[in-house]
Each structure stands twice: as structure tokens, then as C-alpha cells.
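Student: sequence and predicted structure are below.
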Amino acid sequence: MQGFTDIEAQGWVARLPQGWRPYALLARFDRPIGSWLLFLPGLWAFALAAPGWAEGLRLALLFGIGAVAMRGAGCVVNDLWDRDIDRRVERTRGRPLAAGTVTPFQALVFLAVLCCIGLAVLLQLNGTAILLGVCSLLPILLYPLAKRVTNWPQAMLGLTFSWAAPEGIAAATGRVDAVALILWAAAFCWILGYDTIYAHQDREDDAMVGIGSTALRWGERTRPFLAACYTAMLALLALAGWAGGLGWLYLPALLLPAALLARQVVRLDIHDPALCLRLFRANREAGLAVALAFLIGRL
């Protein structure tokens, strides 16, 4: 019987030419939620600090393209590191490198193409943002190693996926200031929470193969841990709004993302992998609601 997997090979990917399909699956193009979650902290930055609508939209378009390319690149790096482990985990054994439908050399060539797209986007930004973008390569490379040496690989992912927040502030303003650091910390707390939900899909397999996760670290105590992560995120978002000079409407506007995040905490069932995946994906709407709150605060 087919086990649980989040690969969506029968969606729009099935309409691609046959030779393209394994690469689309390798880069997770079938599951755009990862690109959304990489992009959203950058969108927060533009909603908070872009000097005008036109520049904000330009930067959002660039970061959207970059998020798709670099999320795909990160997935290729991750799967190159983890292909032996992925063969032993139910959810991931169908990934192209684990299944042998893409060779490591082919994956490296594809990785180079994705990185070239990311570089082309990066070169459209100012010098400060370019420097931050280059520095982001280090956590991207280190993340797959984290699960082998710590129970907190979600913290490394948090550093990686939240990078768009300070980089977005730098792209919009030309500097990395207190607002950028506060927004980075808020995004980190959010990612630490939602990736713990995601990690519960693999909790038993991870324990079997000897790799760590916050899902294993917290287990049945995940709900209070998740509540703490999301509470810290909202407090830091409120502080970012204050530091960024937003109007009084910003705090009431934060009630919508707060409600969406609270719903995840209440509904969480760590023994239901499909529900964990749905709750994880619900963070797209929560993240968009944060961006909306920033825009309302600027009225």
C-alpha cells in the first residue's frame, strides 16, 4: 500500500514533458508553498519599508522570482545531502534523487541553472542587499547538516527562510537597521513554529534513522512550544511596527494573523500527518495577513 507522501506528481507536473517532470519534482515546483514561505518575509519588508508602491511591486516581483529559484536550489542541495536518508523515510522515498530518476550530476547541473537565475535577480538590487544575498548561501548549505548534529534543525531553517526579511529591508532602504533585525527575529520564530508542525510528518521515521528535529524534541508538548513561538512572533511584529513608525491601525490589523495562527495551535494533532501538512500550508494565508497588517499600518 502506498504510504503517506506530499509529492504531487499527478497535478500540473503531469502535463510537463516527461523529461522535465523529475526536475520539477526535485525543485518542489509541484508544491509552491515553500516558495511562498521563503518569499513572505520579504513581502513583509516591502509592505513595511518600501518607499512607494511602484518600487514595492518591483521588489516583490524580483523576490518572487528569486524565491522560486532559490527554494528550488535549496531543495536540490538538501536532496543531494539526504538521498540515502530519503530512501528510508516513507514521505520522501519517491523524491527524484532517492528514487534514481535524477542522477547527482544532473542535479548539480540543474542546481547551477537555478543559482544563475537567483544571481540574475540579486544583481538587480543595491549593494547591501547583494552582500546579504551572498551571505545567505552559508545557511542554505549548512541546513541539511543540522539534522545530523542537533535536535534543532528547524532553527537553521528559520535562519535561512527568514533571510528575506533583512534582505528585503536592505533592498527597500539600502541599510540593515533595528527594524530589519526585529523583523528577522519575528520571521525566525514563525518558521521555527510552522516547521515543527511540518516535521511531525516524519517524526517516527526520523527517530528510526537517527536524525533530529524539534518535533522529536518536544513531542506531546509541541502545542505549548508552538504557542510560544507564535506569541513571540506576534510580539516582535508589534515591535517592528512601532520601530517602523506605523499608525495605530496596525495593531488591530494584527488580530487577523493572530487568529489564523491560534487556529493552528488549537487544531494541531501531531499524530495526523495529513492534518500537519494542512496546518503547515495554512501559513501562506497567515503570512499574507501579516503583510496586509503592515500595509494597513501605513495608511
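Tutor: Noted; the coordinates are in hand.

Student: grab the nearest non-local neighbour of residue 161.
Tutor: Nearest residue to residue 161, sequence neighbours excluded (C-beta to C-beta, 6 or more residues apart in numbering): residue 191, at 4.9 Å. (C-beta placed from N, C-alpha, C; glycine too.)

Student: okay, now the one you found: neighbour count?
Tutor: 26 (other C-beta atoms under 10 Å).

Student: now do the strand or helix carrying residue 197: distance to the chain's middle.
Tutor: Element membership for residue 197, per DSSP states H and E: helix 178-199. Relative to the centre of its chain, helix 178-199 is centred 9 Å away, using C-alpha atoms, centre = their mean, to the nearest Å.

Student: for stretch 59-74, same thing?
Tutor: Distance, stretch centre to chain centre, for stretch 59-74: 11 Å (C-alpha atoms, centre = their mean).

Student: quick revisit: the residue nearest to residue 161 and residue 34 touch, don't they?
Tutor: No - counting by C-beta atoms under 8 Å, residue 191 stays clear of residue 34, with 11.4 Å between them.

Student: buried residues in the helix holding residue 197?
Tutor: By 16 or more other C-beta atoms under 10 Å, the buried positions in helix 178-199 come out as 179-199.

Student: then stretch 103-120?
Tutor: Buried-residue list, stretch 103-120, by 16+ other C-beta under 10 Å: 107, 110-111, 114-115, 117-118.

Student: next one: stretch 283-290
Tutor: Those would be 283-284, 286-290, for stretch 283-290 by 16+ other C-beta under 10 Å.

Student: and residue 160, what element?
Tutor: Secondary structure from DSSP H and E places residue 160 in helix 153-161.

Student: show me what counts as buried in the very next helix or strand once past that helix.
Tutor: Sequence-wise, the next helix or strand downstream of helix 153-161 (DSSP H and E) is helix 164-173. By neighbour count on 16+ other C-beta under 10 Å, the buried set for helix 164-173 is 164-173.

Student: check which helices and strands the helix holding residue 160 sits against.
Tutor: Applying 3 or more C-beta pairs under 8 Å, 6 or more residues apart in numbering; DSSP states H and E, we find helix 153-161 packed against helix 33-49, helix 137-149, helix 178-199, helix 214-218.

Student: ok, 7 Å please
Tutor: Packing contacts for helix 153-161, counted by 3 or more C-beta pairs under 7 Å, 6 or more residues apart in numbering; DSSP states H and E, involve helix 137-149, helix 178-199.

Student: neighbours of the closest residue to residue 165 other than its chain neighbours, just the number please.
Tutor: Sequence neighbours aside, residue 41 is the residue nearest to residue 165 in space, at 3.8 Å (criterion: C-beta to C-beta, 6+ apart). Per other C-beta under 10 Å, the neighbour tally for residue 41 reads 29.

Student: give the contact list for residue 41.
Tutor: By C-beta atoms under 7 Å, 6 or more residues apart in numbering, the residues touching residue 41 are 162, 164-165, 168, 187.

Student: what's the offset of the helix or strand of the chain with the lowest mean pLDDT from the middle of its chain?
Tutor: Least confident helix or strand of the chain, by mean pLDDT, DSSP states H and E, is helix 203-209 with a mean of 74. How far helix 203-209 lies from its chain's middle: 22 Å, per C-alpha atoms, centre = their mean.

Student: what do you get for stretch 273-293?
Tutor: 11 Å.

Student: equivalent analysis for stretch 234-242, please.
Tutor: Relative to the chain's own centre, stretch 234-242 is displaced by 20 Å; criterion: C-alpha atoms, centre = their mean.

Student: state the mean pLDDT of it.
Tutor: For stretch 234-242, mean pLDDT is 98.

Student: what sits up against it?
Tutor: Residues from elsewhere that reach stretch 234-242, judged by C-beta under 7 Å, 6+ apart: 48, 179, 182-183, 185-186, 189, 250-251, 254, 258, 290, 297.

Student: if we go to 8 Å?
Tutor: With C-beta atoms under 8 Å, 6 or more residues apart in numbering as the contact definition, stretch 234-242 has outside contacts at 48, 179, 182-183, 185-186, 189, 250-251, 254, 257-258, 261, 290, 293-294, 297.

Student: quick check: closest non-adjacent residue to residue 213.
Tutor: Spatial nearest neighbour of residue 213, excluding adjacent residues (C-beta to C-beta, 6+ apart): residue 199 at 4.1 Å.

Student: residues contacting the one you found?
Tutor: With C-beta under 8 Å, 6+ apart, residue 199 has these contacts: 154, 206, 213-216.
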